[in-house]
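Novice: Dropping the sequence and predicted coords here.
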Amino acid sequence: MHPNFRAFLLSAGLLLVFLAVALLLQGGLQRRAGQVRAESARAAAERVRAALTLAPRAPQAWDQAYRERLSQASGTRVELVAEAPPGATNAEANGDAGIITFQLDYPGHAGWWLTGELTAPGLERLQLAYRRAIAGLVLLGVLLALVPLLGLVLGRREPAIRAPWRAEAAGLERFARLTVERGAALEREHGARMRAEEDLQVSRHLLDRSLEDRIRLGRELHDNISQTLYAVCLTLESIGKHAALPTVAEQRLTQSLQELRRLNREVRAYIRDLEPDNVRSESFAAALREMLATVAPDVTVEQRVEDEALRTVPPHQVAELINLVREAVSNSVRHGRATSITVRAAQDGERLALVIADNGTGFSAPSPSPGHGLANMRARAAALGGELQIESSAGKGTRVLLTLPLPSSSA
């Protein structure tokens, strides 16, 4: 084969290889970008539907404040239109990589449509980076394809150096193969990153679902259990007012009413804990006072707390600590029949000491089949990284001691 023809074939082959790799990368990038835009549009549409379910409103009652709240809750700029946009289908992504728009019909209101718009700057930057990489790859292929032709030109002028150029061409072939392999590795890395992004989106979706389940559970507790307990209390009160009962029956009725009211207060306290950012938004001292007033309204509660020590409790631990103290106080009232409870909190070196003591009946030994109360208290203490000690004896009350490490001590 003539050397000129061989050089031409080598140049053309190198150029075709680089162009094929560039086209494959470009096609894969466009397909993946389209999939990500479509998935982002569907996820945004689901968030809009969830927000509409939580705060429904007729299209005629829309105003600017409701539109802003809906956009903030769903993370998408939402607009209401009375006519379907041209070619509108539910949750289909449109627009470029930076801005994604979608349309969906208004649930329960025919003839009304919602249009949403959200930005995806990360996807746009990723596409720009890959386009630059593809352009660089094509430019490198062109330069490498020109090398054999340049060797022919120089070989014609200096025939004596043709033999070294053959070795150089073999080295360039090896370099071309290495470049193709690196391109394939880059594509695999891109696929792994996209899968990681998909996993992150799934995790965020599960977190949103968990928050929705908490809100739904709180709503069910309020609308069903709490209201039913309140209705039973009213019925028993009516019986006590309009019926002549023996003394023992009247005492039993009074005790039952007290237990039902206490149970209703505990249910409402649990409902407040299920609400997002409720306990976390207030200090431990304020949450402690509010809880004690709710759980033990008819019991003398003495609080001996150091405000400085309570301020060291991190916000994310407030809910667990309040639930632990609530369980201890509730046990003192329900099981120990205590009439006086003392709550003390102080800083002991690098740890917070929290004590709940009562004058109740106490107990001599754990029950063979204990309930969930003590187990839950120990589990909460372990989750906080603290230690829980329970001291009690028959007729001498109960003392619960929790020691918790202070995070500020390690700062």
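Specialist: It's in. In this text, all values refer to a predicted model and were calculated from it rather than measured experimentally.
Novice: count of neighbours near the residue nearest to residue 260 when sequence neighbours are not counted?
Specialist: Closest residue in space to residue 260, ignoring its immediate chain neighbours: residue 233 at 5.1 Å, by C-beta to C-beta, 6 or more residues apart in numbering. Every C-beta, even on glycine, is put in place using the N, C-alpha and C of the backbone. Neighbours of residue 233 under the rule other C-beta atoms under 10 Å: 17.
Novice: Could you number the chain from 27 rather than 1 from now on?
Specialist: Renumbered: residue one is now 27, and that last one reads residue 259.
Novice: Check what pLDDT residue 259 gets.
Specialist: Here the pLDDT value assigned to residue 259 is 81.
Novice: Quick one: name whatever helix or strand follows the helix-or-strand element of the chain with minimal mean pLDDT.
Specialist: Counting by mean pLDDT, DSSP states H and E, the chain has its least confident helix or strand at helix 147-183, which shows a mean of 69. Next helix or strand after helix 147-183 toward the C-terminus (DSSP states H and E): helix 188-246.
Novice: Tell me the secondary structure of the residue nearest to residue 286, please.
Specialist: helix (DSSP: H, G, I helix; E, B strand; the rest coil).
Novice: again with residue 82
Specialist: What three-state DSSP gives for residue 82 is coil.
Novice: Skip the chain neighbours and tell me the closest residue to it.
Specialist: Residue 82's closest residue in space is residue 134 (C-beta to C-beta, 6+ apart), at 7.9 Å.
Novice: And the one you found, its phi and psi?
Specialist: Dihedral angles phi and psi of residue 134 (degrees, to the nearest 10) take the values phi 80, psi 0.
Novice: And it, how close does it get to residue 104?
Specialist: According to C-beta to C-beta, to the nearest Å, residue 134 stands 16 Å off from residue 104.
Novice: tell me which element residue 382 falls in.
Specialist: Residue 382 belongs to strand 377-384 when assigned by DSSP H and E.
Novice: Please enumerate the helices of the stretch 327-437 of the chain.
Specialist: Taking DSSP state H, counting those that start in this stretch as the criterion, the stretch 327-437 of the chain contains helices spanning 333-337, 341-360, 398-409.
Novice: Pick out the shakiest of the ones you listed, pLDDT-wise.
Specialist: Of all the helices of the stretch 327-437 of the chain, mean pLDDT reaches its minimum on helix 333-337 (a mean of 79).
Novice: How about residues contacting that one?
Specialist: Here helix 333-337 makes contact (C-beta atoms under 8 Å, 6 or more residues apart in numbering) with 309-311, 314, 371-373, 378.
Novice: same deal with stretch 85-104?
Specialist: Contact with stretch 85-104 is made by 70, 73-74, 76-78, 80-81, 83, 105-106, 108, 132, 135, 138, 140-144, as judged by C-beta under 8 Å, 6+ apart.
Novice: Filter those down to the ones in strands?
Specialist: The members of these that map onto strands under DSSP state E are 105-106, 140-144.
Novice: which one of those is nearest residue 49?
Specialist: Nearest to residue 49 among those: residue 144, at 30.4 Å, using C-beta to C-beta.
Novice: Low-confidence stretches in the stretch 27-176 of the chain?
Specialist: Low-confidence regions of the stretch 27-176 of the chain, defined by pLDDT under 70, span residues 27-31, 33-34, 110-124, 146-153, 171, 174-175.
Novice: The contacts of stretch 85-104, buried ones only, as a PyMOL selection?
Specialist: This is how PyMOL selects the buried members of the contacts of stretch 85-104, with burial counted by 16 or more other C-beta atoms under 10 Å:
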select buried, resi 70+73+74+77+78+132+138+140+141+142+143+144
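Novice: Now tabulate the ones in strands among the contacts of stretch 85-104 in a markdown table and tack on distance to residue 329.
Specialist: Converted to a markdown table, those look like this (distance: C-beta to C-beta, whole Å):
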| residue | distance to residue 329 |
| --- | --- |
| 105 | 53 |
| 106 | 52 |
| 140 | 52 |
| 141 | 55 |
| 142 | 51 |
| 143 | 53 |
| 144 | 49 |
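Novice: And the furthest pair within those?
Specialist: Maximum pairwise distance in the ones in strands among the contacts of stretch 85-104, criterion C-beta to C-beta, is 16.5 Å, between 106 and 144.
Novice: Centre-most residue in this structure?
Specialist: residue 233 (3.6 Å; C-alpha atoms, centre = their mean).
Novice: where's that one relative to residue 226, distance?
Specialist: Distance of residue 233 to residue 226, given as C-beta to C-beta: 11 Å.
Novice: Also residue 386?
Specialist: Remark: distance between residue 386 and residue 226 (C-beta to C-beta) = 51 Å.
Novice: Residue 237 now?
Specialist: Distance, residue 237 to residue 226, by C-beta to C-beta: 17 Å.
Novice: Check residue 207 and give its pLDDT.
Specialist: For residue 207, the model assigns a pLDDT of 90.
Novice: can you count the residues close to it?
Specialist: Using other C-beta under 10 Å, residue 207 has 10 other residues around it.
Novice: and if you look at residue 262?
Specialist: Going by other C-beta under 10 Å, the residues that sit close to residue 262 add up to 15.
Novice: For it, list the residues it contacts.
Specialist: 279, 282-283, 286.
Novice: For ChimeraX, write the selection for the buried entries among those.
Specialist: Buried members of those can be picked out in ChimeraX with the line below, counting by 16+ other C-beta under 10 Å:
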select :279,283
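Novice: which among the contacts of residue 262 gets closest to residue 353?
Specialist: residue 286 (19.3 Å).
Novice: Give me the helices and strands touching the one helix or strand the closest one maps to, please.
Specialist: Secondary structure assigned from DSSP H and E places residue 286 in helix 273-300. Identification of packing neighbours for helix 273-300 by 3 or more C-beta pairs under 8 Å, 6 or more residues apart in numbering; DSSP states H and E yields helix 188-246, helix 253-268, helix 310-321, helix 341-360.
Novice: Using TSV, lay out these together with distance to residue 431.
Specialist: Shown next, in TSV, are these (distance: least, C-beta to C-beta, whole Å):
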stretch	distance to residue 431
helix 188-246	28
helix 253-268	39
helix 310-321	15
helix 341-360	11
